[in-house]
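>>> Mind folding the following:
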Amino acid sequence: MRTARQGAGDDSGFFASMNALFGDLMGDARPGLDERPDDRVIARVQRGRTLLGLAAAVWLVLAYPLTAGREEFVLGKLAELAIACAILLTGSLIGIAAFLIAATPDRRRAFAGRLRGPVASMLALGAGPLVFWLALKSLKGELFGPRTVPDFFVSIFGRGVISWLLTVLVLAIGWLLSLALVIASVPFSIFVAYVCVATCFRASDVHQLLPALLSPLLVWSLFAFQVFDGPDIAAPPAVLYTFLLGGPLSVTLLSVWEIRRLRDRWGITLRGALGR
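Predicted structure coming up:
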């Protein structure tokens, strides 16, 4: 799982496409190049760590048997994704609020004007489960009573063929639409959750340093959860814990390196970000 933010110089791929979609829907007020430089080295290093982590995860699953069934394994990973969203959402809210509180008044106004991206991510994350719940309630007939639609048309056209045809048409279209929404909302929710975690809820729209500061919190929290929950793979302890520690350590080292590079190459520091 990629936890560092998408690089500023990486203008292709589905991460960039999702960010562009959020920008089109909610507006975009990201910082300029003086605070969000076009550093393609950071983007390449992050991409390389992601590919290496995915390759290691696939190798581990193929090399060793699962401790539970495939269904339990998939559900467990979805639960981890949900927990990651909850941790990162809480961390992002706290981190952004801390930036706003600690900044000077001028910087605070600038940060407040850049909240559209994080807000759009949070709204998109909540939209999937909400649509799924509403569509499922419609399929069960709980959103509208069984006589609501017929009574509506009878009140307009009276009892007859027209009311009956309109009732059948509306109920059929509504049932098909609800079914399509139930099916589509599941992959949409998973995709948006992954994008929100991968981009730290677009925290870099507020400031470049925020994702690097938030990513270690996420990965070490997930590490603690995985240790407490027990392993999914029946691998030797040396292999298992090397793999479990590899993600948090690599993300933490990458975050430290990114913060140092932003400071040394671009002059971006926490004190400067807050206007102090």
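
>>> How about residue 112: what's its closest non-neighbour residue?
Closest residue in space to residue 112, ignoring its immediate chain neighbours: residue 100 at 6.6 Å, by Cβ to Cβ, 6 or more residues apart in numbering. Using the backbone N, CA and C atoms, a C-beta is placed for each residue, glycine as well.

>>> just residue 258 next, same as before
Counting by Cβ to Cβ, 6+ apart, residue 212 is the residue found nearest to residue 258 once chain neighbours are left out, at 4.7 Å.

>>> same thing with residue 227?
Here the residue nearest residue 227, using Cβ to Cβ, 6+ apart, is residue 244, at 7.0 Å.

>>> Rounded mean pLDDT for the host helix or strand of that neighbour, please.
If you go by DSSP states H and E, residue 244 is part of helix 237-266. Across helix 237-266, pLDDT averages out at 88.

>>> same check, this time on stretch 214-231
pLDDT averaged over stretch 214-231 gives 84.

>>> just how off-centre is that stretch within its chain?
Stretch 214-231 sits 17 Å away from the centroid of its parent chain (Cα atoms, centre = their mean, to the nearest Å).

>>> how about low-confidence regions in the stretch 1-150 of the chain?
For the stretch 1-150 of the chain, the stretches with pLDDT under 70 are 1-36, 53-54, 144-146.

>>> Spell out, range by range, the helices that occur in it.
Ranges of helices within the stretch 1-150 of the chain are 14-26, 40-63, 70-102, 105-112, 116-139, 148-157, based on DSSP state H, counting those that start in this stretch.

>>> winner for burial among those?
helix 116-139 (a mean of 18; mean count of other Cβ atoms under 10 Å).

>>> Please name every helix or strand in contact with that one.
If you count contacts as 3 or more Cβ pairs under 8 Å, 6 or more residues apart in numbering; DSSP states H and E, helix 116-139 packs onto helix 14-26, helix 70-102, helix 161-198.

>>> Residue 62 is nearest to which of the ones you listed?
In terms of Cβ to Cβ, the element of the helices and strands packed on helix 116-139 nearest to residue 62 is helix 70-102, at 12.8 Å.
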